[in-house]
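Novice: mind looking at a prediction? Sequence and model below.
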Amino acid sequence: MAWLDQKSKQFIDKKVQTAKNYGTGSLSRPWLIQNDLRMIRGNMKNHTLHLLALSFGVLFFVTATFAQNPLILDQFTADPTARVFEGKIYVYPSHDIPAGPGKGRANWFVMEDYHVFSSENLLDWKDHGVIVSQDKVDWADAAGYAMWAPDCVFKKGKYYFYFPAPAKAETTGGRGGGSRIGVAIADKPYGPFKPETKPIEGPMGIDPCVLIDKDGTAYLYYSMSRIFVAKLKDNMVELDSKPQEIQNLPTAGLIEGPFAFERNGIYYLTYPHVANKTERLEYAMGKSPTGPFTVTGVIMDESASGCWTNHHSIVEYKGQWYLFYHDKDMSPEFDKNRSIKADYLSFNEDGTIKKVIPTHRGVGIVAAKSKIQIDRYSAISNEGVSVSFLNDANRREGWKISLSEKNAWIQFNKVDFGKSDLKSVNVRCVSSAGGSIAIHIDKADGPVLAKIEIGKGFEWKVANSKLAAVPSGVHDLVVTLNEKNNVELDWVSFE
């Protein structure tokens, strides 16, 4: 296939150039370069898991998730594809793990399997366990550790899970290497998934995405330095057309991770792109699944954290659109261990996408009776507020927020107080000098729900106060510091 040889060479050139520009330590994916060079030479053309059930070979877990962003705290997750199945949100991410002896390359991305998570409220996530792993895929290199971004779609009673992996030598006619795209099939969105014995014939690349058009036709998108699209046969495991490169997209800087969707007759092709030094999320618009597409704008800017990669999906759930993406919140020093996040997304009247500003607060309405992770704020004052890990030795415990200036404040949006049966508030806190905080409704100078005195000490404790007012329904919370003392807060809960 002449087109494949040419594109493979372009792919290698792009990877090599990226490595030259920014260094292999942060930007390139060297296994792709090595594997595809071999191909070309050969061709010369929250916090705690509770085991709930074990059935059909699939492990089911519930993740005790109290923080909003990131969504999952008990493991590293990246490249989230969110889909709506059976009235719930299902998220299919890649799974970052630490490198180790015989496990991938040190100081690099290491991914050996896939989990799937589900939620009805976007706050409490069930981990359905491993659904596909590299050692259970006949055609995949069991020592590849490069199971990048996946996707999952539903058609005619079956769920089709698409994933990339480095191929065994025999899979590629003895040449070895090269990322191929596989399919695993299940009767339920959480599995058990059975991988096909061979990858899809034709595509060589990563980050598959499948769009099923309104007429039932399915299209496979994937990346290999550029972005490609091909029509799938009705069986969803074979191509029905030759892959074609999507034109009119940026040519300077790495582009990958396509996610396509349709809304009101407009087809959106969204993708991460290195326009400067790290990936930002961009999009193009068109009138058909295959284009032509017109580059339109930016969905999310480069991460302020400096995380080089970003990868995303966009989904509508119960009348609201969401952007799922990742960052390095739980691993700020190492951007190869990432965590998935979600924020609200909306459109302008002309169909263009409004830029999304990443937040700690994320999405979902939090019950007032739950432990509200106040450190996952919606907004904070300009001075006197900082966030840090509760325990640097175990970052999966989450974060705390520190207030140090008089009138410093934190806002946490969308708390549901229900039908006004609450009488008091509990705050997990610590202050070496002691201090006093106030909890307001809706704004910093809004009605005071309670004032809480925090005694001197070096140990975390739960302070309690009766409510001065009893709200009902959904409100924003604002916590203010009454005097210039250092106060640290973990969570707030009403009862």
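Specialist: The structure has been received and is ready for your questions. Numbering: from 1, shown residues only.
Novice: what about residue 466, neighbour count?
Specialist: 10 (other C-beta atoms under 10 Å). Glycine gets a C-beta too; all of them are placed from N, C-alpha and C.
Novice: who touches residue 468 in this structure?
Specialist: 448, 449, 450, 451 (C-beta atoms under 8 Å, 6 or more residues apart in numbering).
Novice: is it true that the third one touches residue 438?
Specialist: Yes. Under the criterion of C-beta atoms under 8 Å, residue 450 lies in contact with residue 438, with a separation of 7.3 Å.
Novice: so where is this structure shaky, pLDDT-wise?
Specialist: Filtered on pLDDT under 70, the chain yields the residue ranges 1-67, 171-177.
Novice: domain ranges for it?
Specialist: 5-345, 366-494 (automatic domain parsing).
Novice: closest one to residue 359 among these?
Specialist: domain 5-345 (5.6 Å; C-beta to C-beta).
Novice: off-centre distance for the closest one?
Specialist: 10 Å (C-alpha atoms, centre = their mean, to the nearest Å).
Novice: would you format the domains of the chain as CSV with distance to residue 355 included?
Specialist: Output for those, formatted as CSV (distance: least, C-beta to C-beta, whole Å):
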stretch, distance to residue 355
domain 5-345, 6
domain 366-494, 17
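Novice: looking at those domains, which one is packed in the most?
Specialist: Most buried of these by mean neighbour count (mean count of other C-beta atoms under 10 Å) is domain 5-345; its value is a mean of 19.
Novice: just the element for residue 182, please.
Specialist: Residue 182 is part of strand 179-186 when elements are defined by DSSP states H and E.
Novice: thinking residue 186 is in contact with residue 194, fair?
Specialist: Yes. Counting by C-beta under 8 Å, residue 186 touches residue 194, with 7.0 Å between them.
Novice: please name every helix or strand in contact with the strand holding residue 182.
Specialist: Helices and strands touching strand 179-186, by 3 or more C-beta pairs under 8 Å, 6 or more residues apart in numbering; DSSP states H and E, are helix 30-43, strand 125-133, strand 158-166, strand 194-195, strand 218-224.
Novice: same thing but at 10 Å, please
Specialist: helix 30-43, strand 125-133, strand 151-155, strand 158-166, strand 194-195, strand 206-212, strand 218-224 (3 or more C-beta pairs under 10 Å, 6 or more residues apart in numbering; DSSP states H and E).
Novice: picking that back up, which of the contacts of residue 468 lies closest to residue 181?
Specialist: Nearest member of the contacts of residue 468 to residue 181, counting by C-beta to C-beta, is residue 449, at 53.2 Å.
Novice: which one of the domains of the chain lies nearest to residue 360?
Specialist: Nearest of those (C-beta to C-beta): domain 366-494, 4.4 Å.
Novice: quick check: chain neighbours aside, which residue is closest to residue 336?
Specialist: Of all residues not flanking residue 336 in the chain, residue 109 sits nearest, at 4.8 Å (C-beta to C-beta, 6 or more residues apart in numbering).
Novice: just the element for that neighbour, please.
Specialist: Per DSSP H and E, there is no helix or strand for residue 109.
Novice: quick one: contacts for the spatially most central residue of the chain?
Specialist: Centrality entry for the chain: nearest residue to the mean C-alpha point is residue 340, 2.9 Å, by C-alpha atoms, centre = their mean. Applying C-beta atoms under 10 Å, 6 or more residues apart in numbering to residue 340 gives the contacts 69-72, 76-80, 82, 91, 93-94, 117, 125, 311-313, 324-327, 329.
Novice: and what about residue 360, helix, strand or coil?
Specialist: coil (DSSP: H, G, I helix; E, B strand; the rest coil).
Novice: what about it, neighbour count?
Specialist: 22.
Novice: doesn't residue 412 make contact with it?
Specialist: Yes. The pair residue 360 / residue 412 is scored as a contact, 9.4 Å apart, by C-beta atoms under 10 Å.
Novice: between these two, what contacts are shared?
Specialist: 68, 373, 375, 376, 377, 378, 379, 401.
Novice: so for residue 352, which of the domains of the chain sits nearest?
Specialist: With C-beta to C-beta as the yardstick, what comes closest out of these is domain 5-345 (6.0 Å).
Novice: the residue nearest to residue 361 when sequence neighbours are not counted and residue 409, how far apart?
Specialist: Distances taken as C-beta to C-beta, 6+ apart put residue 378 closest to residue 361, at 4.2 Å, once the chain neighbours are dropped. Using C-beta to C-beta, to the nearest Å, one gets 11 Å for the distance from residue 378 to residue 409.
Novice: could you pull out the residues contacting both of these two?
Specialist: Joint contacts of residue 378 and residue 409 (C-beta under 10 Å, 6+ apart) are residue 478.
Novice: and the strands in the stretch 351-495 of the chain, which stretches?
Specialist: Secondary structure of the stretch 351-495 of the chain by DSSP state E, counting those that start in this stretch: the strands cover 366-367, 379-380, 385-389, 399-403, 409-416, 424-430, 435-441, 448-454, 461-466, 474-481, 487-494.
Novice: quick one: contacts for the residue nearest to residue 361?
Specialist: Here residue 378 is in contact with 68, 359-362, 410-414, 476-478 (C-beta under 10 Å, 6+ apart).
Novice: pick out the most distant pair among those residues.
Specialist: Counting by C-beta to C-beta, the most remote pair of the contacts of residue 378 is 362 and 478, 17.9 Å apart.
Novice: returning to that earlier point: ok, the contacts of residue 378 vs residue 182, which is closest?
Specialist: Closest to residue 182, out of all of the contacts of residue 378 and judged by C-beta to C-beta, is residue 362, at 31.5 Å.
Novice: tell me how many other residues surround the closest one.
Specialist: Counted with other C-beta under 10 Å, residue 362 comes out at 21.
Novice: surely it is in contact with residue 119?
Specialist: No. Using C-beta under 10 Å, residue 362 makes no contact with residue 119, being 11.8 Å away.
Novice: ok, back up a step: could the contacts of residue 468 be laid out in TSV, adding distance to residue 244?
Specialist: Shown next, in TSV, are the contacts of residue 468 (distance: C-beta to C-beta, whole Å):
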residue	distance to residue 244
448	62
449	59
450	62
451	65
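Novice: for residue 149, state which of the residues you listed is nearest.
Specialist: For these, the nearest to residue 149 is residue 449 (43.2 Å; C-beta to C-beta).
Novice: isn't that closest one right next to residue 437, touching?
Specialist: No. Assessed by C-beta under 10 Å, residue 449 is found out of contact with residue 437, at 11.1 Å.
Novice: between these two, what contacts are shared?
Specialist: Common neighbours of residue 449 and residue 437 (C-beta under 10 Å, 6+ apart) are 465, 479, 492.
Novice: which ones are touching the residue lying closest to the last one once chain neighbours are set aside?
Specialist: Spatial nearest neighbour of residue 492, chain neighbours left out: residue 372 (4.7 Å); criterion: C-beta to C-beta, 6+ apart. Counting by C-beta under 10 Å, 6+ apart, residue 372 touches 66, 68, 366, 412, 415, 425, 427, 477, 479, 491-494.
Novice: most widely separated two among those?
Specialist: 68 and 425 (19.4 Å).
Novice: mind listing the shared neighbours of residue 450 and residue 438?
Specialist: In contact with both residue 450 and residue 438: 465, 468, using C-beta under 10 Å, 6+ apart.
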